[in-house]
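1. pasting the sequence and the predicted model now:
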Amino acid sequence: MPPKQESKQKRDWEAFFRAPERELKEGWVRSTRRKVEDVKKLFQRFIPLRSLSYIVPYVYSWIEELPVTDWMFWLRDEKFGLKMIEGFLIWYLDEHNLKKRQAFLTTARYFAMFCNEERGKEAPYTLKQKVKTVGF
């Protein structure tokens, strides 16, 4: 004969909803925070290199246009796009001798977390889908 099951306690839902909300820790755990900060440093190293190769020689005969080397500039909505993301990830692959694909994908995830945090919002859904289809 199976053991007799104890009857479930009846939950007091009214008391549950009257109770104050639990305080949750905000932010990431220390190890995740460290990885995101590492990706931020990598991005800061990448931007000056990208800007040097992006120089437009002359807008007019007497003005040289030098692109912005401020890394925050490239995270703004009008500049934040597939080319910038793809460029950073290609640069990361070229600079680091990665032996496992999973290590690269993990860095790409931390890069996404970094971008979301710095921009104060998530990337548009269509951009996320395009990044997935690039196929690194």
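-> Noted; the coordinates are in hand.
2. name the SS class of the residue nearest to the spatial centre of the chain, please.
-> The residue lying closest to the centre of the chain (CA atoms, centre = their mean) is Ala112, at 1.6 Å. At Ala112 the chain is in helix, as set by DSSP: H, G, I helix; E, B strand; the rest coil.
3. ok, now which ones touch the closest residue to it other than its chain neighbours?
-> Once its chain neighbours are removed from consideration, Ala112 has its nearest residue in Ala123; the separation is 7.1 Å (CB to CB, 6 or more residues apart in numbering). C-beta here means a position set from N, CA and C on the backbone, and glycine is covered the same way. By CB atoms under 8 Å, 6 or more residues apart in numbering, the contact list for Ala123 reads 80, 112, 115-116, 131.
4. ok, Asp77 to Glu122 distance?
-> The gap separating Asp77 from Glu122 is 12 Å, by CB to CB, to the nearest Å.
5. same check, this time on Arg22
-> For Arg22, the distance to Glu122 (CB to CB) stands at 25 Å.
6. so the two - more neighbours on which side?
-> Glu122 (11 against 5; other CB atoms under 10 Å).
7. what are the phi and psi values at that one?
-> Main-chain torsions, Glu122, degrees, to the nearest 10: phi -80, psi 160.
8. give me the local confidence score for it.
-> The pLDDT attached to Glu122 in the predicted structure is 89.
9. for the one 4 residues further on, same thing?
-> In the prediction, the pLDDT value recorded for Thr126 is 88.
10. now name the helix or strand holding it.
-> Under the criterion DSSP states H and E, the helix or strand holding Thr126 is helix 125-134.
11. how far off centre is that helix?
-> Remark: helix 125-134 is offset 13 Å from the chain centroid, using CA atoms, centre = their mean, to the nearest Å.
12. nice, that's everything, thank you.
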